[in-house]
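>>> Predicted model, plus sequence, below.
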Amino acid sequence: MVVSIHCGSRGLGHQIGSEFLRDMAIGAPQSGIRLPDRELACAPIRSELGLRYLGAMRAATNCALANRQILTHLTRQTFAEVLPDSKMPLLYDVSHNTCKEEVHRLGELERRLFVHRKGATRAFGPGHPDLPPEFATSGQPVIIGGSMGTFSYILAGAGGVDERAFSSACHGAGRAMSRHTAMRQFHGREMVDELAARGIIIRSASMRGVAEEAPLAYKDVNEVVESAERAGLARKVAMLEPMICVKG
């Protein structure tokens, strides 16, 4: 049995993204940047605005790591009350929606780049110098969280395509419809009953939250993972079937 905790800085990260998207869109002309789309708002990395963004983003990453550490501790305490002999070692913990400074080869040159992964995760392949000894031969773990009613996957970085994807793989299946569309199309109570009939227990304080995360609101995770493996971004290691889903 595997317990997967998918939680980050949530409100803080969204606030940081929204505020800096606005500030960068306003400040772009002063830096000589012409934006083809507001969603591509950016700033020179060493500018005052760029450095403020990096600091705020890293603070949100630290908040998310601390959040998951607390949730992991509480989960272990809860399991210990019911299953005193259970062992719950940590497999891996990773943040996404981050900007990391890394060295990558571009053609014949190695360059230090700021790689911003949104909806993606880092996937260093076996032998990468930045991997800790535990993953030196296997490659970096890649966690693909499924929806309440679909499989989740554990992959490992495959390597060999660093120039194409900057050592990146998908972070999840990705939404097929927005949260608002999902809420109009699905009903939380019906989703809970439908999944219970399949043996999947759902616990949530809000039926709205259940509707937002309906399985059909996401792309087919099996096809997404298959595509990632065929592209050489990561290789499949394990497929996890849902039993219980607790929504915060």
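That came through fine. Residues are numbered from 1 along each chain as shown.

>>> just checking, what's the longest helix in this structure?
When every helix of the chain is counted residue by residue (DSSP state H), the longest turns out to be helix 48-82.

>>> and after that helix, which helix or strand comes next?
Going down the chain from helix 48-82, the next helix or strand is strand 98-106, by DSSP states H and E.

>>> what mean pLDDT does that next one have?
The average pLDDT within strand 98-106 is 89.

>>> what's it in contact with?
54, 57, 61, 110-117, 122, 130, 162-163, 166-167 (C-beta atoms under 8 Å, 6 or more residues apart in numbering). Heads up, the C-betas are built off the backbone N, CA and C, glycines and all.

>>> Buried ones from those residues, can you make that a PyMOL selection?
In PyMOL, a selection of the buried entries from these looks like this (16 or more other C-beta atoms under 10 Å):
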select buried, resi 54+57+61+115+117+122+162+166+167
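
>>> Sort out for me which of the contacts of strand 98-106 are in strands.
Glu110, Arg111, Arg112, Leu113, Phe114, Val115, His116, Arg117, Arg122 (DSSP state E).

>>> For the last one, give me its contacts.
Contact partners of Arg122, counting by C-beta under 8 Å, 6+ apart, are Val94, Lys100, Val115, Gln140, Gly157, Ser167, Ser168.

>>> Give the buried subset of those residues as a ChimeraX selection command.
Those of the contacts of Arg122 that count as buried under 16+ other C-beta under 10 Å are selected in ChimeraX with:
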select :100,115,140,157,167,168
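
>>> Output the contacts of Arg122 as CSV; include the columns distance to Ser204.
Below are the contacts of Arg122 laid out as CSV (distance: C-beta to C-beta, whole Å):
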residue, distance to Ser204
Val94, 25
Lys100, 33
Val115, 34
Gln140, 32
Gly157, 33
Ser167, 35
Ser168, 31
